[in-house]
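[1] Sequence and predicted model, in that order:
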Amino acid sequence: MADLSKATDEVGSKPISSVYMSYSELRDTVDRLSTHNQSLINELNGLKKSNFFIKRKEFQYLKKIKSCEAEVKFLTEKLNKELQVIDLAHETMRDKTKELSDK
């Protein structure tokens, strides 16, 4: 168990006026803390709204990124096919040129 004699000795050694706050001091402290608490609540609500809109935008951006990634993949595949056709045309042209020069 905790040693309460130290705590009671500390409180007991001080005059009552220094240990206890007056009603007006307590009321002022409560009012000040209530005002500060309300200010923090208002700030939190504003941050919650901002966070909501940011998350909604994040979802839209992620959706757009996925769409762009799919489009890039499709265009890359299409480009590779076109490059294969061009390579085949170059090979054919080279073979025909060689064939004509051999005749």
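    That came in fine, so what should we check first? If you're wondering where the values come from, they're calculated on a predicted model, not measured in any experiment.
[2] Let me see the mean pLDDT of stretch 75-85.
    Throughout stretch 75-85, pLDDT has a mean value of 96.
[3] Next, the buried residues of it.
    Using 16 or more other CB atoms under 10 Å as the burial criterion, none of the residues of stretch 75-85 qualify. C-betas here are computed from N, CA, C, even on glycine.
[4] For that stretch, C-alpha coordinates in PDB please.
    Taking only C-alpha atoms (Å, rounded to 0.1, in the frame of the first residue of the first chain), the coordinates of stretch 75-85 have been written out as PDB:
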ATOM      1  CA  LEU A  75      -1.100   2.000 -74.400                       C
ATOM      2  CA  THR A  76       2.200   0.300 -73.600                       C
ATOM      3  CA  GLU A  77       0.900  -3.000 -75.000                       C
ATOM      4  CA  LYS A  78      -0.500  -1.300 -78.100                       C
ATOM      5  CA  LEU A  79       2.900   0.500 -78.600                       C
ATOM      6  CA  ASN A  80       4.800  -2.700 -78.300                       C
ATOM      7  CA  LYS A  81       2.600  -4.300 -81.000                       C
ATOM      8  CA  GLU A  82       3.100  -1.300 -83.200                       C
ATOM      9  CA  LEU A  83       6.800  -1.500 -82.700                       C
ATOM     10  CA  GLN A  84       6.800  -5.100 -83.600                       C
ATOM     11  CA  VAL A  85       5.000  -4.300 -86.900                       C
END
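[5] tell me how far that stretch is from the chain's mean position?
    Taking the mean C-alpha point of stretch 75-85 and that of its whole chain, the gap between them comes to 37 Å (CA atoms, centre = their mean, to the nearest Å).
[6] Over to stretch 69-79?
    Chain-centre distance of stretch 69-79: 29 Å, with CA atoms, centre = their mean.
[7] host element of residue 24?
    Secondary structure here is read from DSSP states H and E; on that basis residue 24 sits in helix 23-102.
[8] Check the gap between residue 67 and residue 58 for me.
    Computed with CB to CB, to the nearest Å, the distance linking residue 67 and residue 58 is 15 Å.
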